[in-house]
Structure formats: C-alpha cells, structure tokens
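**Student:** I need the structure of the sequence given here:
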Amino acid sequence: MWITSSLSTVLTPTAIALGNFDGLHRGHQKTIAPILPDSPWVERSLDLLNSRESGGGAKHPYSTFYSTLVTFDPHPQEFFSGESRSLLTPQVEKVQYLETMGVQQLILLPFDQKLAALSPQAFVEEILIQQLQACCISVGEDFRFGHRRSGTADDLKAIAQPYSVTVNIVPLNKIDGLRISSSAIRQALSQGDIRQANQLYGRPYRLIGEVIQGQQLGRTLGFPTANLQLSPNKFLPRYGVYAVRVTWDDQPTKHHLGVMNIGCRPTVAQGQPPTVEIHLLDWSGDLYGKTLTVDIEQFLRPEQKFASLDRLTTQIQLDCIQAKSLASATSQL
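**Tutor:** Have a look, this model is predicted:
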C-alpha cells in the first residue's frame, strides 16, 4: 500500500473514503467497502464521469483508479486542543488492516491551520478534485469538514456534483440500538466491557507490541510474563486482568491462550508507569524481540492491591483457570 502525506506524491485518479477512521470499526468498514478494487459502485462512478464532457469539451480519460483512504494527521481534535490523543488504531495497525481490506493508498493530510481554515467549497475543489483527482467519494452520514466543521455530507455531495464526482453517504450504523462509533468503543473499553467493544468493533480489540526486558518478577512467582512495548499513543482499556489470544511474527496463524495484566502493578510497583504483561498458558520459551499480536477476549477483574505476594500468586492461578474455562466454553459454542 502506498502511504504519503504529500499531495505531490499522490497516486491518481482516486476513489476516496474520507474521514478520521480511528478504529476502522464496522461503520468505517461500510464506508471503505464501496471504494475497494472491483467495486461495482466505483465502476458506475467512472462510467458516469467519463460520459460527461469537461468544460473544454474533452472527456475524462479515467479508466482505472487507486482505492484510497484519506484521513488527517494529526487528528483534528488533537490539533485544536493541543493535547496528544490516544488512538484505537495507531498508524502501524491502521496500515496492516487497510492492506488486508485491499486499500491501495493511504493519504495522511497534514492537519494544520491552513487546512483548518479552508471553506468546505475550497476543500472539495482544491484538495479532492484538483489535487487528488477524485472520481468518487465515500463518507459517513455524520462526516463534517471545512472551516469550523461547517460542511456536511450533503454539502460535499452538492459541491462535487458539478464535477460529475459521485458521493456515497453511508447511514449511521447501530447494534442493539447503540450507534457504532469510536467514542462508544472507547467508553466500552474504559469500562472493561470487552464484549460490547468487540461487538461494535467487528473484531477483538487488539494490542501489538515488541517484547522487551521487564523486572522478571512474574518468573519468580511461577508465572513468567512478556512485557509489551506498545505504540505510545495506543488507547489502553481499563486497568485490570484480561483473557487474551496471542500470536507473534514468526507464528502468525498459531494462537496461544494467555492472561494479560494492564496497569501499574500496585502490589509490587506502586507509582510506576503502566505496563502491559502477558502470561501464556501452557507454553514456555523465549519471546524477547518478537512482535506479539494480542486479541482481547474477556475482562476478568479490575486491578487491585494484594496484602502479600502469596495472595497475588493465588489470584493469578485463579485468573489462569478462569481464562481456560472461558476459552473452553467459547470453543463449544
């Protein structure tokens, strides 16, 4: 997949999915699907575009397109607040998932004062039409753009229409009456409601990180752990213990059951920054330097401080038993 933040290196013409796309959840996937290669909607859009003459009388020569996701870097909320924003899908994860979907190009528009000041009309004409040579654009119903977010999805459709550029507006998606959104997923994760978060997400919430050297305290307790170094802007769910499934770079299809702890380890390391530690069930070996992919399946319990290491060890044993029991119950469904 071609990745660029410079409009001078964009591959054109483009079929665009436009938005922030933090999480690439079910709703985002429906916005992206129409612009993928072999999409009937894009083919129809190309036919429409080529059937209408441009202002000079020549027909548009578009016979192909680059399936393109256009988003903003940094996130507009981060730009306006001046505060760093944690992400459900940092760029490395976003790239991996977009590649599996078949997206051919990722454009990270630098979100700065100049871009923020563009009117909706100028953004469509100067960025999408002139520079990206969009043949069609797909957005969510709640998409907003332009100065002070004054442009709506319907405005985008109206501005693009004179250029024969088709705009697909994807209705808001809901599950059990709850709107699918990045905010709803964040809230569910913050509460430890992994079942709801995963349902909204459309797949298990995932952490990806390299195994680094830790204090090796778990080894002394009989539960060796792999300490993960995540992207610094990765959004972490509620501190506590989780049942997980783990793969790593040289065994991408082999899943291992595990128990993960996220938090500041109040029993043994008060006042320390949060860590992410994985104990793999019924497995031993060296994982240092490997990149682990951790799919979170169930919240087991919140973080807590124990009166002694013996009580902590007993609780970890119970956590492992519960994780195995959950995995067994899931496999029988």
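**Student:** quick check: which ranges of the stretch 201-333 of the chain have low pLDDT?
**Tutor:** 215-222, 267-271, 329-333 (pLDDT under 70).
**Student:** any idea how far the strand or helix carrying residue 200 is from the middle of the chain?
**Tutor:** Element membership for residue 200 (DSSP states H and E) is helix 194-201. Helix 194-201 sits 13 Å away from the centroid of its parent chain (C-alpha atoms, centre = their mean, to the nearest Å).
**Student:** packing partners of that helix?
**Tutor:** helix 182-190, strand 205-212, strand 291-302 (3 or more C-beta pairs under 8 Å, 6 or more residues apart in numbering; DSSP states H and E). C-beta here means a position set from N, CA and C on the backbone, and glycine is covered the same way.
**Student:** any residues touching that helix, and which ones?
**Tutor:** For helix 194-201, contacts defined as C-beta atoms under 8 Å, 6 or more residues apart in numbering pick out 23, 25-26, 175, 178, 180-181, 184-185, 188-189, 204-205, 237, 242, 296-299.
**Student:** out of those, which end up buried?
**Tutor:** Burial by neighbour count, 16 or more other C-beta atoms under 10 Å: within the contacts of helix 194-201 this picks out 23, 25-26, 180-181, 184-185, 188-189, 204-205, 237, 242, 296-299.
**Student:** tell me the angle of the helix of greatest length in the chain relative to strand 291-302?
**Tutor:** Longest helix of the chain, by residue count under DSSP state H: helix 309-331. Calculated by axes from the mean of the first three to the mean of the last three C-alpha atoms, to 10 degrees, helix 309-331 forms an angle of 110 degrees with strand 291-302.
**Student:** ok so, going back, any chance of the helices and strands packed on helix 194-201 in a markdown table, plus distance to residue 103?
**Tutor:** As requested, those are exported to a markdown table (distance: least, C-beta to C-beta, whole Å):
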| stretch | distance to residue 103 |
| --- | --- |
| helix 182-190 | 18 |
| strand 205-212 | 18 |
| strand 291-302 | 20 |
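**Student:** let me know which of these is the nearest to residue 274.
**Tutor:** Ranking the helices and strands packed on helix 194-201 by distance to residue 274, with C-beta to C-beta as the measure, places strand 205-212 first at 12.3 Å.
**Student:** assumed residue 137 was part of a helix.
**Tutor:** No - checked against DSSP: H, G, I helix; E, B strand; the rest coil, residue 137 lies outside a helix; its state is strand.
**Student:** just grab the bridge partners of it for me.
**Tutor:** Beta bridges link residue 137 to residue 16, residue 167 when assigned by DSSP bridges.
**Student:** so what's the residue count around it?
**Tutor:** Residues within reach of residue 137, counting by other C-beta atoms under 10 Å, total 29.
**Student:** any idea how far residue 157 is from it?
**Tutor:** For residue 137, the distance to residue 157 equals 9 Å [C-beta to C-beta, to the nearest Å].
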